[in-house]
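K.L.:
here are the coordinates; sequence isn't available:
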Ligand code: SAM
């Protein structure tokens, strides 16, 4: 009986029992493994950390994408940084008003291998006529691009390895420059019950980058252990954070979602008291 053991946290490990290892190799940048599990379908790990599973990926992808998209109301240009499995791309393309979704992923192998071994996650999104994929460092793209976006989603690895630059004040400053007026940034911020400091630091860096409103919301993604996962929400238009469930519904929620509802959107911004103690509002 073989187990995958995630060692992201020094004092808390999670094990997922392996049915079969489907692929394992070193890409140019990361150690990548894809295995069939008993509990969560197929699992992608990078450098020993669970990135996504076919069993619960919808929880994360729906929330990191539809919350900023529906808070915005009419996003046309969307940027995804990271997200090589294609789940964010798939969800962003569900919004009919979107004209183009640009994805900037640093590691081509993640895209190629996920398309081969985890095809249900991108579900054809990489071939969608509105999708544009750029293989590059997201931090560099943010520093140099002349383009502007309505919603930017940073679906990164954790702040170690190639993803570390995506958690810096300089990166958030550059990303803020890429946003159209009323634009929204959503970012992966780790698990605040195990690593509250990661969220504290990310929020501080986003504030220092000049955003008028910096907040976080808490979806539950079972294979990101530790309870509610924190996603950062930053914008220069504070009204975007206050949209109610009825107004969201009128904007047109894509059909067939399994986690996101307008009520879940609003509730995810309610922070339990112990979270406020740990990381603030
Ligand atoms: N949802 C996952 C999580 O929360 O852990 C993240 C999944 S996604 C596969 C993360 C992607 O970010 C990987 O494909 C990785 O190659 C990419 N990535 C890491 N650093 C990057 C950078 N500097 N620029 C662009 N993409 C990056």
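P.N.:
Done, it's in. Quantities reported herein were computed from a predicted structural model and do not represent experimental measurements. Numbering: from 1, shown residues only.

K.L.:
Near the ligand, which residues of the stretch 51-200 of the chain are found?
P.N.:
Listed as neighbours of the ligand in the stretch 51-200 of the chain under the rule Cβ under 6 Å from any ligand atom: 51-52, 60, 81-85, 104-107, 110, 137-139, 155-157, 162-163, 165-166, 188. C-betas here are computed from N, CA, C, even on glycine.

K.L.:
Can you get me a residue count around the residue nearest to residue 225 when sequence neighbours are not counted?
P.N.:
Nearest non-adjacent residue to residue 225, counting by Cβ to Cβ, 6 or more residues apart in numbering: residue 14, 4.5 Å away. Using other Cβ atoms under 10 Å, residue 14 has 17 other residues around it.

K.L.:
what secondary structure does residue 14 sit in?
P.N.:
The local conformation at residue 14, judged by DSSP: H, G, I helix; E, B strand; the rest coil, is strand.

K.L.:
so what's it bridging to?
P.N.:
residue 6 (DSSP bridges).

K.L.:
OK, contacts around it?
P.N.:
Residue 14 makes contacts with 5-6, 50, 223, 225, as judged by Cβ atoms under 8 Å, 6 or more residues apart in numbering.

K.L.:
And it, how close does it get to residue 40?
P.N.:
Distance, residue 14 to residue 40, by Cβ to Cβ, to the nearest Å: 11 Å.

K.L.:
Give the residues shared as contacts by these two.
P.N.:
residue 223.

K.L.:
Quick check on the contacts of residue 14: which are buried?
P.N.:
6, 50, 223, 225 (16 or more other Cβ atoms under 10 Å).

K.L.:
Pick out whichever of the residues you listed sits closest to the ligand.
P.N.:
Nearest to the ligand among the buried ones among the contacts of residue 14: residue 50, at 7.1 Å, using Cβ to the nearest ligand atom.

K.L.:
so where does residue 64 fall, helix or strand?
P.N.:
Residue 64 belongs to helix 57-72 when assigned by DSSP states H and E.

K.L.:
Tell me the buried residues in that helix?
P.N.:
57-72.

K.L.:
Among those, which pair sits farthest apart?
P.N.:
Greatest spatial distance among the buried residues of helix 57-72 (Cβ to Cβ): 57 and 72, at 22.7 Å.

K.L.:
Residues in contact with stretch 219-227: which ones?
P.N.:
So stretch 219-227 is in contact with 6, 9, 12, 14, 16, 40, 43, 50, 52-53, 55-56, 59-60, 63-64, 191, 193-194, 228-229, 231, 259, 264, 268, going by Cβ under 8 Å, 6+ apart.

K.L.:
Could I get the full set of helices for the stretch 151-281 of the chain?
P.N.:
Using DSSP state H, counting those that start in this stretch, the helices of the stretch 151-281 of the chain run over 169-178, 196-208, 245-251, 262-267, 273-279.
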